[in-house]
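>>> structure, please.
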Amino acid sequence: MMARMATSSLFLIALAGTLLVDHWLYPYCPVLLVLAVGMFGTAAWELASLIPEPSRPSRVAMVLTVTILLSTVWATRALGASAATSWQIILGVYLAVLVGHFFWCMAFFKGPGHHVVHLALLGWGGAYLGLLPAALAHLRWLGGPAESTPGLAALVLAIAVTKVGDVGAYFVGKYSGRNQMAPLLSPRKTWEGFAGGLALAVATAIVLNELMAPRGTPLPGPLPGPLWAAMFGITVGLAGVLGDLAESLIKRDQGSKDASTLLPGFGGMLDLVDALLLAGPVAYIWFIGIEMMAARVPAP
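Modelled structure (predicted):
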């Protein structure tokens, strides 16, 4: 437990320092790019390593795919592209990477092997650890290239709700868990832990949303009010649980308990970021939906 708490503390310190520095460097956010590429690139290496030979795709190709996709988010949003334009470019880059790998396999083909399997796994890994985190990263530019605060608040809210729910589920399940939630996928997960983690995710969303509201004004926080914050906490918290279980499916299917032994108390980097992989896109849908509704309301 002490190792898990120490790792979590170091992660929070690194994230807080990164967001603070990049708040001054907005809209370029170079330190956040380094952190994101480091985390999700490491997770990509671990993901490829989980797959045994001869089916294992190139770990270097997996890391490069994730790095290219995340770098494309920064290259487009930091230069002022809209979210819609950025996504079009990202999807085009994703397809170009897959086609390029296809050409590589054709150029160096030496007979029957596992090229088709490698191509399929590279495409899946790129989507899982490149496209899904891209949705989370897009939150950073929610206010456009000129205004840092809205995107910073949205990103902090999404990460905090997800990770507090994740940590809460761990501790509640550890000390009060009795009924297993998914015995085959994740034997240590319990329904008590799930309920406790979800309750903490909702509480975190409500409290943080209130704390982020501009002082001295009637304006709400990143979300329109407590009820919206509660629904955000429920849906993002639930997505975090599903993201955790999705990674458990990958590990159990490959006969592994952890993605690696890189992080004491957690396992691998993939074990640390798994909940964010599905929670990030859900949070992104929330904020995009709120932006769309705000645009429909006529100005007073």
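>>> show me the shaky parts of the stretch 201-300 of the chain.
Scanning the stretch 201-300 of the chain for pLDDT under 70 picks out the ranges 216-219, 295-300.
>>> output the contacting helices and strands for the helix or strand residue 194 falls within.
According to DSSP states H and E, residue 194 maps onto helix 191-211. For helix 191-211, the helices and strands in contact under the criterion 3 or more Cβ pairs under 8 Å, 6 or more residues apart in numbering; DSSP states H and E are helix 149-176, strand 180-182, helix 226-253. (Each C-beta comes from the backbone N, C-alpha and C, glycine too.)
>>> can we see that at 6 Å?
helix 149-176, helix 226-253 (3 or more Cβ pairs under 6 Å, 6 or more residues apart in numbering; DSSP states H and E).
>>> gap between it and the chain center?
Taking Cα atoms, centre = their mean, to the nearest Å, one finds the center of helix 191-211 at 18 Å from the center of the full chain.
>>> for it, buried residues please.
Buried residues in helix 191-211, counted by 16 or more other Cβ atoms under 10 Å: 192-206, 208-209.
>>> okay, that helix in CSV with CA atoms only?
The C-alpha trace of helix 191-211 is given here as CSV (Å, rounded to 0.1, in the frame of the first residue of the first chain):
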residue,chain,number,x,y,z
TRP,A,191,-19.2,-4.4,-5.7
GLU,A,192,-18.5,-2.6,-2.4
GLY,A,193,-15.4,-1.0,-3.9
PHE,A,194,-17.3,-0.1,-7.1
ALA,A,195,-20.0,1.7,-5.1
GLY,A,196,-17.5,3.5,-2.9
GLY,A,197,-15.4,4.6,-5.8
LEU,A,198,-18.4,5.8,-7.7
ALA,A,199,-19.6,7.8,-4.7
LEU,A,200,-16.2,9.4,-4.3
ALA,A,201,-16.1,10.2,-8.0
VAL,A,202,-19.5,12.0,-7.8
ALA,A,203,-18.4,13.9,-4.6
THR,A,204,-15.1,14.9,-6.3
ALA,A,205,-17.0,16.2,-9.4
ILE,A,206,-19.4,18.3,-7.3
VAL,A,207,-16.8,19.8,-4.9
LEU,A,208,-14.2,20.5,-7.6
ASN,A,209,-16.8,22.0,-9.9
GLU,A,210,-17.8,24.4,-7.1
LEU,A,211,-14.2,25.3,-6.2
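>>> which residues sit against it?
Applying Cβ atoms under 6 Å, 6 or more residues apart in numbering, the contact partners of helix 191-211 are 157, 160-161, 164-165, 168-169, 172-173, 176-177, 179, 181, 221, 223, 226, 229-230, 232-234, 237.
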